[in-house]
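Participant: sequence and predicted model, in that order:
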2 protein chains.
Amino acid sequence: MIKPRSRRGGGRPTIADVARRAGVGAITVSRALREPGRVSEDLRRQIQAAVDELGYVPDPNARALASARAEVFGVLVPSLTNNVFAEVVRGIYDSLSDSPFRIQLGNTHYSGLEEERLLQVFGPQRPAALIVAGIDQTPTSRKLLETAGCPVVQVMETGPDPVDMMVGFSHLDGGRRATEHLIEAGYRRIGFIGARMDPRSQRRLAGYRAAMEQAGLFDPRLITTTPVPSSVTLGRELFRDALAKMPTLDGVFCNNDDIAVGVLFECHRAAIAVPKTIGIVGFNDFDMMQVAFPSITSIRTYRYEIGRRSVAMALAAIAGNRPQERVVDLGFELMRRESTAR
Amino acid sequence: MIKPRSRRGGGRPTIADVARRAGVGAITVSRALREPGRVSEDLRRQIQAAVDELGYVPDPNARALASARAEVFGVLVPSLTNNVFAEVVRGIYDSLSDSPFRIQLGNTHYSGLEEERLLQVFGPQRPAALIVAGIDQTPTSRKLLETAGCPVVQVMETGPDPVDMMVGFSHLDGGRRATEHLIEAGYRRIGFIGARMDPRSQRRLAGYRAAMEQAGLFDPRLITTTPVPSSVTLGRELFRDALAKMPTLDGVFCNNDDIAVGVLFECHRAAIAVPKTIGIVGFNDFDMMQVAFPSITSIRTYRYEIGRRSVAMALAAIAGNRPQERVVDLGFELMRRESTAR
DNA sequence: CGACGTCATGGTAGCGCTACCATTTTATGC
DNA sequence: GCATAAAATGGTAGCGCTACCATGACGTCG
């Protein structure tokens, strides 16, 4: 005697209910929903009506199991509160909001191990695409990405050897440009101040160093860094340290805008004239920089656009036409402001 | 003739592979993984060995389909870049990182309709719990939450009629407290400046109004708001508007810290003395507020803690022991700083 | 006009896992 | 020592959907 199991699902309509109501086979409903072109106009309408009447929504879990492919984008970022990544993620969400794809967001906390763990978790889900921040994956992570069997986009940076695709810009060039600008503006004892020295920060520092060396101005004592996470408070403290170490400092390239704002406030507090006595350059160009008094020169980066573009590339790859440009450099722009207008 | 389908899954080991290797039934593997206590020590070890050797990871989709319950927390926030929600979300992620639960994050863009749409999408996934920002769901959303068949936590605010559970604080009281502080400090022509007047902002405004009326200081012309999203830039602009409209302004309660910073910078630029000529109070107490010059008085809120607590409550409910306190008020704290030290 | 392709639709058999029940083994009580 | 409960394990039948193949209805062409 076959007893139908008491509907575990809590009574949600299934594709079979829709099929029965529309008087067609379940498969045809499935097709009408996924490839409308392959079902005749008549049936499509009938099925749509049944769907609407029953309020049918396909079960994504069943779908993923049957098709061995989940309609999910896996996204890995090192931080959720860092505004930079928040904007990348926002770009990703906005680009995906009209698609059937959901987003599985992972926070790696700037840890390679954590990234590996999350990739391990994402794998069995068979995501439709993976978007990961940075280009410095551990060998294990890289292997996981290569064998994921879906498009992969590395974002925020560009580099020579993409797993699959890349969207970002050169942090080294950005750091160099910022530093060159200070040099051109007439500053000479230019410090570098950075917190949470992740790989991107390291490359910005390398850019700073290249520019300083080329100008014959490099001095390792001009560099002040800490592995502690970045904050405005920390910007102030590091600036104080830098100044104590090197009282003749006349400019600072800050690894990010939070640090720059901390430096600016400390200058106010200590009555240090900006840009006269000290020039300040930030990185990322948050909205605040143009409002600050004095307004702060910064390297504008296109975080939101990076998010959007990464999705566009992934979607193209899913659709079967991978862009021929596998590495997209969105560049940056130096925004000159009062803080370096000497 | 039965031909096994060419392994769609791309060769990942399944529970059957593990069972075969460990010489047990599939169901025992399943149990060993989910309820270790119900399997004998011996078998458990054997199974664990097989799992490790094969690198088996359960397929979450199959699991969700079979058990009619996905190990997913649905989280709905109005914004991903607003630092306030970013911290709530971070608290949620941190609390869930050691659990088997994944997170499905939705961005409602402050839209009730979008919230409904996302709940509609989350529903068929059968999430283990839902965490939603705010208490002003549309009737449709509320019904969706009530019939979701899982714990629901409304966060950021407290109110009288929870769908299920709540963690937050009273924005009205916060707004009132901020305003009372300005009054106590001797300010009289106190303005309210707010952008993106979402329900929480409305309640902070109501708190402002209550305090002003009680002190006999209320004047509608003191209020300057806009539906535009908040930013530092906007803070400056709104402050200019407010000042143009009401040149005798001697204090401002800013709906959030971004606005407050914009106001502060404009004061610098226009050489308006803070706190002497104008007193400033912000809301949320971001890190920057204590570093600003002058440092800015603000209402400290516990965003991260709200995220953590919401998860703790949901997990308790999932485990079957719903906390008897269904509404948790985490309160706030007035941080007195230089910007109101007249 | 019949062979052959094309299109629209359906049936069947799983995807990998767990709920439910059955069965076996081991402890417990008197 | 035997009945009975409890614990440990397994078999079977789906969960809701889609891949794969089969079928029938047309149209096309020599």
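Facilitator: Structure's in. What do you need?

Participant: stretch A:99-114 and DNA strand D, are they touching?
Facilitator: No: on the criterion Cβ under 7 Å from any atom of the strand, stretch A:99-114 is out of touch with DNA strand D, staying 10.1 Å away. Every residue, glycine included, has its C-beta placed from N, CA and C.

Participant: list the buried residues of that stretch.
Facilitator: Counting neighbours by 16 or more other Cβ atoms under 10 Å in any protein chain shown, one finds that the buried residues in stretch A:99-114 are A:Phe101, A:Arg102, A:Ile103, A:Gln104, A:Leu105, A:Gly106, A:Asn107, A:Thr108, A:His109, A:Tyr110, A:Glu114.

Participant: of all the residues you listed, which two lie farthest apart?
Facilitator: Within these, two members stand farthest from each other by Cβ to Cβ: A:Phe101 and A:Tyr110, at 26.3 Å.

Participant: go ahead and confirm A:Leu119 touches A:Leu145.
Facilitator: Yes: with contacts counted by Cβ atoms under 8 Å, A:Leu119 reaches A:Leu145, the gap being 6.9 Å.

Participant: between the two, who's got more neighbours?
Facilitator: Taking other Cβ atoms under 10 Å in any protein chain shown, A:Leu119 and A:Leu145 do not tie; A:Leu119 has more neighbours (24 against 21).

Participant: and the closest residue to the more buried one other than its chain neighbours, what is it in contact with?
Facilitator: Nearest residue to A:Leu119 in three dimensions, chain neighbours excluded: A:Leu144, at 4.3 Å (Cβ to Cβ, 6 or more residues apart in numbering or on different chains). Applying Cβ atoms under 8 Å, 6 or more residues apart in numbering or on different chains to A:Leu144 gives the contacts A:Glu116, A:Leu119, A:Gln120, A:Gly123.

Participant: what segments of chain A are strands?
Facilitator: A:72-77, A:102-107, A:129-133, A:152-157, A:165-169, A:190-194, A:223-225, A:251-254, A:279-284, A:297-301, A:327-329, A:332-335 (DSSP state E).

Participant: partner strands of the fourth one, parallel or antiparallel?
Facilitator: Read that as strand A:152-157. Sheet partners assigned to strand A:152-157 using DSSP bridges are listed as strand A:129-133 (parallel), strand A:165-169 (parallel).

Participant: just how off-centre is the first one within its chain?
Facilitator: The chain centroid and the centroid of strand A:129-133 are separated by 9 Å, computed with Cα atoms, centre = their mean, to the nearest Å.

Participant: so for that strand, what's the average pLDDT?
Facilitator: The average pLDDT within strand A:129-133 is 96.

Participant: tell me the angle that strand makes with strand A:102-107.
Facilitator: Angle of strand A:129-133 versus strand A:102-107, following axes from the mean of the first three to the mean of the last three Cα atoms, to 10 degrees, is 30 degrees.

Participant: overlap of the contact sets of A:Leu119 and A:Leu145?
Facilitator: In contact with both A:Leu119 and A:Leu145: A:Leu130, using Cβ under 8 Å, 6+ apart.

Participant: quick check: which ranges of chain A have low pLDDT?
Facilitator: For chain A, applying pLDDT under 70 flags the ranges A:1-10.

Participant: rerun at 80
Facilitator: Scanning chain A for pLDDT under 80 picks out the ranges A:1-11.

Participant: quick one: which of the contacts of A:Leu144 is nearest B:Ala133?
Facilitator: For the contacts of A:Leu144, the minimum distance to B:Ala133 (Cβ to Cβ) is 29.0 Å, reached by A:Leu119.

Participant: ok now do that closest one, which residues does it touch?
Facilitator: Neighbouring residues of A:Leu119 by Cβ under 8 Å, 6+ apart: A:Gly74, A:Leu76, A:Leu130, A:Ser141, A:Leu144, A:Leu145, A:Ala148.

Participant: the last one and A:Gln120 touch, don't they?
Facilitator: No: contact status for A:Ala148 versus A:Gln120: not in contact, 11.0 Å apart, counting by Cβ under 8 Å.

Participant: more crowded one of the two?
Facilitator: Per other Cβ under 10 Å, whichever of A:Ala148 and A:Gln120 has more neighbours is A:Ala148, with 20 against 14.

Participant: show me the beta-bridge partners of the nearest residue to that one once chain neighbours are set aside.
Facilitator: Excluding the flanking residues, the one nearest A:Ala148 by Cβ to Cβ, 6+ apart is A:Leu130, at 5.8 Å. Counting by DSSP bridges, A:Leu130 forms beta bridges with A:Gly74, A:Val152.

Participant: which ones are touching A:Leu130?
Facilitator: Neighbours of A:Leu130 in contact, by Cβ under 8 Å, 6+ apart: A:Phe73, A:Gly74, A:Val75, A:Leu76, A:Leu119, A:Phe122, A:Leu145, A:Ala148, A:Cys150, A:Pro151, A:Val152, A:Val153.

Participant: so the residue nearest the centre of chain A versus DNA strand C, what's the distance?
Facilitator: Nearest to the mean C-alpha position of chain A, by Cα atoms, centre = their mean, lies A:Val88 at 3.9 Å. Separation of A:Val88 from DNA strand C (Cβ to the nearest atom of the strand, to the nearest Å): 32 Å.

Participant: what residue in the stretch 151-300 of chain A comes nearest to DNA strand C?
Facilitator: A:Pro151 (21.1 Å; Cβ to the nearest atom of the strand).

Participant: phi and psi next, for that residue.
Facilitator: In terms of degrees, to the nearest 10, the main-chain angles of A:Pro151 are phi -60, psi 140.

Participant: tally of neighbours for the nearest residue in space to it that is not next to it in sequence?
Facilitator: Leaving out its chain neighbours, the residue that sits closest to A:Pro151 by Cβ to Cβ, 6+ apart is A:Ala317, at 3.7 Å. Look at A:Ala317: counted by other Cβ under 10 Å, it has 20 neighbours.

Participant: isn't A:Ala317 right up against A:Ile131?
Facilitator: No: with contact defined as Cβ under 8 Å, A:Ala317 and A:Ile131 do not form a contacting pair (11.6 Å).

Participant: leaving out chain neighbours, which residue sits closest to A:Asp59?
Facilitator: Setting aside the residues directly before and after it, A:Asp59 is nearest to B:Pro124 in space (Cβ to Cβ, 6+ apart), at 5.0 Å.

Participant: A:Ala62 is in contact with the one you found, correct?
Facilitator: No: in this structure B:Pro124 lies outside contact range of A:Ala62 using Cβ under 8 Å: 9.1 Å.

Participant: spit out the residues that contact these two alike.
Facilitator: Here B:Pro124 and A:Ala62 have no joint contacts, going by Cβ under 8 Å, 6+ apart.

Participant: list the contacts of A:Phe101.
Facilitator: A:Glu71, A:Val72, A:Phe73, A:Ala128, A:Ala129.

Participant: got TSV for those, with neighbour count too?
Facilitator: TSV is the format used below for the contacts of A:Phe101 (neighbours: other Cβ atoms under 10 Å in any protein chain shown):
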residue	neighbour count
A:Glu71	16
A:Val72	24
A:Phe73	29
A:Ala128	22
A:Ala129	24
